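>>> Quick one, fold the following:
(one chain, ligands or ions: 1)
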Amino acid sequence: MDGCTDIGLYWQPLGGNNVDQISGHCYSYTDCTRSASDLHYTTIIIDIGKYDNYAALGVPGSDAAVPDVRRFLPPSPWAASAVFITHSHPDHLNGLVHYLKLGYKFPPIYMSRYTRMIFDDLLKEFAVPQQDYPLVVEICPRDEITVGSMTLEAVSASHTCFDALGFIIKSANGTVYHTGDFKADNSTYFRRPTDFSRLRELSGQVDVMVADCCRLMDEGFAPKESDTFKKMVKLIEKSGKSKIFVPVYPTHPEMYVIAFLAALKLKKNVVFYGTRDFYIYLNLMIDYGLDFKALAKERVKVIYHPDFGLDELDGNYVVIGTYNHIGHEFALRRKDSYAVITAKTFFNPLRGQLNLHGVKFVSVNDEPVLQGYGHGFLGDIEKMNDILQKPLLIPTHCPAYVTDYFRDLAPLLGMALITPTPLNGHIFRFIGRKCAKISDGVAKWLVISYDNPKQKITEVLQKPTSGLGFLKRTISRKRCRRKFKAIRHQRLNGVCDVKKTRKRISDSQL
Ligand SMILES: [Zn+2]
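Okay, the predicted model is just below:
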């Protein structure tokens, strides 16, 4: 790779991070070693996501945007020897499917079982010809894969989908922990939590932590899944109603599970009901091994569609699914119905319908813990930093200004923050914990239009404003600066109480 003229482990964010946008995740690692007088290179890529806010790149008629990884694909001399996928979310996986649809060839791709199930489904959805399917290798937590001069070890991660992984990347030049999306929560249902026992074994041996810092500006720990479950049970119980409606995002299987367990706890029957996307994910979960009917052990009845036995449920049920209307079959009535809305704006049409019928509901606006949490807060990162003994910290999954504003606070928390703040396209070299920026590359996005009249790729250089529309809806620059200042003040004055802070966070709007 350009600029890799000496031994070291080279890292380059290719998309999604550290500039004004937070999706389309993709990172390259190139290990450069020397034998006799020759330099040898091994490159891997971690994640190839799609960029959610592609419309902001200004190409009319576009269908998607992906980070530009072409120089790491054959026949380039810098071609990657392997691709590793952390988890099944579109901002980490779906870019890969667009490349395959466009006919690009890939080296072996490593991913966990559930990620593979989602990936196989995407290949069909995007009609990728079977002869273009790549070689996929299914991996499990703690598996070790050697690629050239690097060895990668998969580490389980608590996140909102099944089988999420992080990777420990080991080379003679140093050891990196690439966390993937994660939180510290050990209460995840039917999924492995972040593998702290393995990470404790590696304490002091990890030089660099490329970490998911999506919620870095939130003090304390991310609420646990068991907190979300308890809150849901309490609210449903308090409502005293017999028909409960719990709309969930299709791509958040953990909420399907939490709502199901809440119904089970309260001895309410369960109806799964929703859009095509909802049923795709539900069926994947059942194929994965989560047989809801078997889990209910006849304590409650479970049906997968209201057409199949709704009248047998005695009007005492929880409707779990992705829906913005409630069909006539449910006979929505003020006197026996109640809803728990687990997402912020997505279910606005449903709110309107509930209001119209005078049906009471609670939403994440009143009880933020109901939305579930996939990303760790500041406390989760501090915990990881302490366990690994202060590795060089590289925040990802956040805009550059989050890292910039964090610069004053990091030393106070005993964290070694990377300098300067990396932007997409920059190249850094690590040797142990020593790190230097060696190149100022500019990131490029490939904007794809599928019928224009035939498929077309437009290259767009990333501008600082590329993600602004998206950010306005998510993170505000001012709020970020204010929050870090407040945390700094609290820590300096010794008034921080993590438990209290956690309560405050779950009580306040997020
Ligand atoms: Zn994710």
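>>> What is the neighbour count of F330?
Here the count is done by other Cβ atoms under 10 Å, and F330 has 19 residues near it. C-beta: built from backbone N, CA, C; applies to glycine.
>>> So it sits against D311, correct?
No - in this structure, F330 is not within contact of D311 by Cβ atoms under 8 Å, at 11.5 Å.
>>> Give me the buried positions along stretch 333-345.
Within stretch 333-345, the residues that qualify as buried are S337, Y338, A339, V340, I341, T342, A343, counting by 16 or more other Cβ atoms under 10 Å.
>>> Can you pull out the residues in contact with it?
Around stretch 333-345, the neighbours that count as contacts under Cβ atoms under 8 Å, 6 or more residues apart in numbering are 232, 235-236, 239, 241-249, 252, 255, 259, 315, 330, 347, 350-351, 354, 357-365, 370-372.
>>> How far off centre is that stretch?
Relative to the centre of its chain, stretch 333-345 is centred 27 Å away, using Cα atoms, centre = their mean, to the nearest Å.
>>> what do you get for stretch 152-159?
The mean C-alpha position of stretch 152-159 is separated from the chain mean by 13 Å, Cα atoms, centre = their mean.
>>> Briefly note if that stretch comes near the ion.
No - legend: contact between stretch 152-159 and the ion by Cβ under 5 Å from the ion is lacking; minimum distance shown is 5.6 Å.
>>> mind listing what the closest residue to the ion within the stretch 101-250 of the chain touches?
Per Cβ to the ion, D181 is where the stretch 101-250 of the chain lies closest to the ion, at 3.7 Å. With Cβ under 8 Å, 6+ apart as the criterion, the residues that contact D181 are 86-87, 89, 92, 157, 159-160, 164, 212, 214, 374-375, 397.
>>> Out of those, name the ones that lie in helices.
Secondary structure of the contacts of D181 is defined by DSSP state H; positions in helices are H92.
>>> how about JSON lines for the contacts of D181, with neighbour count and distance to I46 added?
Converted to JSON lines, the contacts of D181 look like this (neighbours: other Cβ atoms under 10 Å; distance: Cβ to Cβ, whole Å):
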{"residue": "T86", "neighbour count": "29", "distance to I46": "7"}
{"residue": "H87", "neighbour count": "26", "distance to I46": "11"}
{"residue": "H89", "neighbour count": "24", "distance to I46": "14"}
{"residue": "H92", "neighbour count": "27", "distance to I46": "9"}
{"residue": "A157", "neighbour count": "28", "distance to I46": "13"}
{"residue": "H159", "neighbour count": "30", "distance to I46": "15"}
{"residue": "T160", "neighbour count": "24", "distance to I46": "19"}
{"residue": "A164", "neighbour count": "29", "distance to I46": "13"}
{"residue": "D212", "neighbour count": "28", "distance to I46": "12"}
{"residue": "C214", "neighbour count": "23", "distance to I46": "16"}
{"residue": "G374", "neighbour count": "23", "distance to I46": "18"}
{"residue": "H375", "neighbour count": "21", "distance to I46": "17"}
{"residue": "H397", "neighbour count": "24", "distance to I46": "13"}
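>>> which among the contacts of D181 gets closest to P391?
Set against P391, the nearest of those by Cβ to Cβ is D212 (14.4 Å).
>>> Looking at the residue of the stretch 301-450 of the chain found nearest the ion now. What's its pLDDT?
Sorted by distance to the ion under Cβ to the ion, the residues of the stretch 301-450 of the chain start with G374, at 5.6 Å. pLDDT recorded at G374 is 92.
>>> Verify the stated contact: it with K183.
Yes - in this structure G374 lies within contact range of K183 using Cβ under 8 Å: 6.7 Å.
>>> Now do the shared contacts for the two.
Residues touching both G374 and K183 (Cβ under 8 Å, 6+ apart) are H159.
>>> before we move on, back to that, save the contacts of D181 as CSV, and put in distance to M415 too.
Formatted as CSV, the entries for the contacts of D181 read as follows, by distance: Cβ to Cβ, whole Å:
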residue, distance to M415
T86, 22
H87, 25
H89, 26
H92, 24
A157, 20
H159, 22
T160, 25
A164, 23
D212, 15
C214, 16
G374, 22
H375, 17
H397, 16
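>>> Among the contacts of D181, which lie within strands?
Using DSSP state E to define strands, the subset of the contacts of D181 located there is D212.
>>> So the spatially most central residue of the chain: helix, strand or coil?
Against the mean C-alpha coordinate of the chain, by Cα atoms, centre = their mean, the closest residue is D181 at 4.6 Å. At D181 the chain is in coil, as set by DSSP: H, G, I helix; E, B strand; the rest coil.
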